[in-house]
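Enquirer: My questions are about this predicted structure, shown below with the sequence.
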Amino acid sequence: MKHFKCLWILLGVLWIEVMANGQEENAALWGKTSQSSIYLDSVPEFALDGLLNSWTHTNTETDPWWRVDLLKVYRVNRVTITNRPTHGWRINGAVIRIGNFLDIYNNTVCATISTLADGATDTFSCGGMKGRYMIVHIPGDQKILSLSEIGVYGYLAGNMAVDGAATQSSTFMSWFAEKAIDSNRGLQKNTSCSSTLNETNPWWRLDLRDVYKIRKVVVTNRNDCCPEQINGAEIRIGNSLENNGNDNPICAVIPAIPAGESYNYSCSGMEGRYVNLIIPGDMKILTLCEVEVYGQALFPRNVAVDGAATQSSVYMDWFAEKAIDSNRGLQQYPLCSSTNHETNPWWRLDLRDVYKISKVVVTNRNDCCAEQINGAEIHIGNSLENNGNDNPICAVIPAIPAGESYNYSCGGMEGRYVNLIIPGDMKILTLCEVEVYGQVLKRSFVKMQFNSRVDLTDPSVRENVLKQLGSVLADRGFKT
C-alpha cells in the first residue's frame, strides 16, 4: 500500500516572481563575508571576486559554513552558486539559509543543494525571503565547504519604490525612468541609471500607487562622470498631478551628492502618492541611479494590482489586465480595458483570496464615450456561476464623468471576485482602472499529493513536483 503526504502551500505566502535579466544586482558584492574556518589562503572573499579559478575552502570540520552580511535587510528573490571546477562533490548536501540571526540554525532554509556538477552554476529561488544574512553550510561531521562564486539577488525590504511606476520628462537613449527603481544602484554599469535629455526643468516621477506617509527618500548619484547633474534637484511629494506633479510640496533640495554616493533626505511623514525629482532651470540633465522611498501606507492598499483580470470579449488590444495596471489611462490610449459591442458585457477580477471589501474605485475613460460606463453593476462574491455575474450587487453606476474616478462603498462585503457588468444589448464596457480596498479574510490553498517514498532531493523528482505545482497555480490564475 502506498503512503501519501499532503503538501499544503499557502498562496498568500508563496511568492513566485520572474525578474527580467539585468533588473537585479548582486547584493552580496557590497556585503561582508566570513566562514567557519580558512584552509590555507582560501578566504571567504573568493566567493565574490568574479573569478572561477579561485574558491573558498574551510578546514575539515563539523558543520562548516560560509556567510555574507548584506549590511541591510533584503527581500531575497534568488541565490546563485557556482561550484569549484574540481572536487565539486564537497558541496553535496549544502543548505542555503536566509535570515537575521548570527546563529545559523535560527535562519530559514531557502534550499538544499543535493549535487552540483564541477564548475556548474545553479539558481535557487528564495521567493522574497527577508534577511540580512545569507548562509551556506553543510551539516555533519568531517565536512569541507568550498565555493567558487555566490550571488544574492533581491531588493531592500521596506523600499516602497520597487512596487511603483516611474516616468520622466524625456529619455536619453536607453536610460529609462524605471532604471531608477530597479534595486540596482548602478555603480558598476551606468546604463542601470535613468537620465533625461538636456532640457528645461527636467523631471522624474514615481507613482507609489497608494498614498504613503513618507519617512525618507534615498537618492544615489551616478559614479562614472557628471555628478553635478543632480545639483539643485528638488524632491517633491504629494497627490496632485498638476504640472506633472512638480507643484507638490518640497521635501528637500539636493545641493550636491558626490559621485557614487547615496544620500538620505528626511521627509518627516509627508503624505503623498507621487514622488518627483525636478531640476529647475534651462539646459539641465537629471540622472538618477536609484531612488528609494521608505514609509508606511496611509490608507488600505489597493489589492486589485495582485489579482487576475478577464472579460467577456476584447476589443483590439484593450485587454482586461489594463484595468488593474495602476495606470488610470488618462494620458495615453489604449491603457484601458474594453469589450466589444455585445449583450451583457462583463469584466471580472479574481483577488485570489477572499476579502472583506470596503470600497471599489472606478475610473472612466477620458477621450470620448463616457456614457459607456452608464448602468454598470458592481458584483462581489465567491461564486463563478454565470461568470461571477450572479454574485450580490455592491453598487450600480449611473454615470461617471469623463476621466473621473468615483468611489463606491461596499460596506465590508465578502468575496474573492469583483465583477462589473452592463445589462442589455449592444453595450460596451470600458474601464480605465478598477481599484479594490479591503482586508483579506481567507487565504487560498493548493493541495498536492505525492508519494512519500520519493526522494525530493532528486533533481528530476523535484522538477516534476515543480511542474505539477506550476500547472495547479496556472489553473488558479497565477503566473510563474
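Expert: Arrived safely.
Enquirer: in this protein, which spans are helices?
Expert: Assigned by DSSP state H, the chain shows helices spanning 459-475.
Enquirer: what does the domain assignment say about it?
Expert: Following automatic domain parsing, one finds the domains of the chain at 4-156, 160-297, 303-442, 445-475.
Enquirer: Tell me which residues of stretch 152-170 come out buried.
Expert: By neighbour count with 16 or more other CB atoms under 10 Å, stretch 152-170 contains the buried residues 152-162, 164-169. Where C-beta positions appear, they are placed from N, C-alpha and C, glycine not excepted.
Enquirer: in this structure, which residue is closest to the centre?
Expert: residue 163 (5.3 Å; CA atoms, centre = their mean).
Enquirer: Pull up the gap between the spatially closest residue to it that is not a sequence neighbour and residue 340, please.
Expert: Of all residues not flanking residue 163 in the chain, residue 209 sits nearest, at 6.8 Å (CB to CB, 6 or more residues apart in numbering). Separation of residue 209 from residue 340 (CB to CB, to the nearest Å): 29 Å.
Enquirer: the more surrounded of these two?
Expert: Shown here are residue 209 and residue 340; by other CB atoms under 10 Å, residue 209 has more neighbours (19 against 15).
Enquirer: any idea how far that one is from residue 350?
Expert: Applying CB to CB to residue 209 and residue 350 gives a distance of 19 Å.
Enquirer: Residue 408 now?
Expert: 19 Å.
Enquirer: How many neighbouring residues does residue 173 have?
Expert: Counted with other CB under 10 Å, residue 173 comes out at 8.
Enquirer: Who are the contact partners of it?
Expert: The neighbourhood of residue 173, defined by CB atoms under 8 Å, 6 or more residues apart in numbering, consists of residue 195.
Enquirer: For it, grab phi and psi.
Expert: phi 50, psi -120 (degrees, to the nearest 10).
Enquirer: Throw the domains of the chain into JSON lines and include mean pLDDT, thanks.
Expert: Below are those laid out as JSON lines (pLDDT from 0 to 100):
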{"stretch": "domain 4-156", "mean pLDDT": "84"}
{"stretch": "domain 160-297", "mean pLDDT": "92"}
{"stretch": "domain 303-442", "mean pLDDT": "91"}
{"stretch": "domain 445-475", "mean pLDDT": "60"}
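Enquirer: Please enumerate the strands of the stretch 201-350 of the chain.
Expert: 203-220, 233-238, 250-254, 262-278, 287-288, 290-297, 308-311, 337-338, 346-363 (DSSP state E, counting those that start in this stretch).
Enquirer: tell me the angle of the fourth one relative to strand 203-220?
Expert: In other words, strand 262-278. Using axes from the mean of the first three to the mean of the last three CA atoms, to 10 degrees, the direction of strand 262-278 lies 180 degrees away from that of strand 203-220.
Enquirer: Can you name every helix or strand that strand 262-278 contacts?
Expert: Identification of packing neighbours for strand 262-278 by 3 or more CB pairs under 8 Å, 6 or more residues apart in numbering; DSSP states H and E yields strand 203-220, strand 233-238, strand 250-254, strand 290-297.
Enquirer: The shortest one vs strand 233-238, what angle?
Expert: Taking the same axes, to 10 degrees, one finds that strand 250-254 is oriented at 170 degrees with respect to strand 233-238.
Enquirer: and if you look at the first one?
Expert: With the same axes, to 10 degrees defining the directions, strand 203-220 sits at 110 degrees from strand 233-238.
Enquirer: So which bits of strand 203-220 are buried?
Expert: So strand 203-220, judged by 16+ other CB under 10 Å, has buried residues 203-210, 212-220.
Enquirer: and what of the shortest one?
Expert: When burial is assessed from 16+ other CB under 10 Å, strand 250-254 yields the following buried residues: 251-252, 254.
Enquirer: Correct me if wrong: residue 33 contacts residue 49.
Expert: No - counting by CB atoms under 8 Å, residue 33 stays clear of residue 49, with 10.3 Å between them.
Enquirer: Excluding chain neighbours, what is closest to residue 227?
Expert: In space, and not counting its chain neighbours, residue 227 is closest to residue 259: 4.1 Å by CB to CB, 6+ apart.
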